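A.B. asks: below are the sequence and a predicted model; questions follow.
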Amino acid sequence: MDVDDEANGAVPSELERLIAGTFALMTAWYQCPQPAVCRKLMENLALIGRHEAVSDGMRRVCSNAAARWAAYLEEVESAIEAGTEACDADDEDDEPIGVTMDPLPGPITLH
């Protein structure tokens with residue numbers, strides 16, 4: 001899914017577009033944690049996990065990742081309810097919501 005692929009006439013598959021969109025949402029989340037972004041991430045992970053082209057291992061990875069994003073969603077919604085703004089593009093001095101991201105586990109093997 002880069003310029004060379006497009007120049008060669010390659011068309012990204014539905015799954016590739018979904019994965020690329022999910023990565024883009026993760027970047028957006030990092031820049032500004034918003035509940036809507038988190039919900040869309042969870043939806044995309046579910047779609048990837050149900051896609052006919054993915055392995056059982058990938059299904060498990062997507063399921064586990066969706067569960068983590070559900071926990072992040074609860075955390076950011078609680079912070080917003082407590083009066084913390086997720087982010088404010090107009091004020092560079094704002095501290096973002098402190099969402100506790102879990103450390104990544106050891107190597108993941110897909111079978």
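C.D. replies: Here it is on my side, so go on.
A.B. asks: can we go C-alpha only for contacts and neighbour counts from here?
C.D. replies: Fine.
A.B. asks: lowest-scoring secondary structure element of this protein by mean pLDDT?
C.D. replies: One helix or strand of the chain scores below all others by mean pLDDT, DSSP states H and E: helix 3-7, with a mean of 61.
A.B. asks: now do whichever helix or strand comes after that helix: everything it contacts.
C.D. replies: Reading on from helix 3-7 to the C-terminus, the next helix or strand found by DSSP states H and E is helix 14-31. Applying C-alpha atoms under 8 Å, 6 or more residues apart in numbering, the external contacts of helix 14-31 come out as 1, 37-38, 40-41, 44-45, 48, 51, 53.
A.B. asks: same thing but 10 Å
C.D. replies: Here helix 14-31 makes contact (C-alpha atoms under 10 Å, 6 or more residues apart in numbering) with 1, 11-13, 32-38, 40-45, 47-48, 51-54, 86-87, 96, 99.
A.B. asks: buried only: go through those for me.
C.D. replies: For those, a neighbour count by 16 or more other C-alpha atoms under 10 Å gives the buried set as 32-35, 37-38, 41-42, 44-45, 47-48, 86-87, 96, 99.
A.B. asks: minimum pLDDT in these, which residue is that?
C.D. replies: Least confident entry in the buried ones among the contacts of helix 14-31, by pLDDT: residue 96, with 50.
A.B. asks: quick one: residue 37 and residue 43, what's the gap?
C.D. replies: Residue 37 sits 10 Å away from residue 43, taking C-alpha to C-alpha, to the nearest Å as the criterion.
A.B. asks: got it, and residue 18?
C.D. replies: 10 Å.
A.B. asks: closest to residue 64 out of the buried ones among the contacts of helix 14-31?
C.D. replies: residue 45 (9.4 Å; C-alpha to C-alpha).
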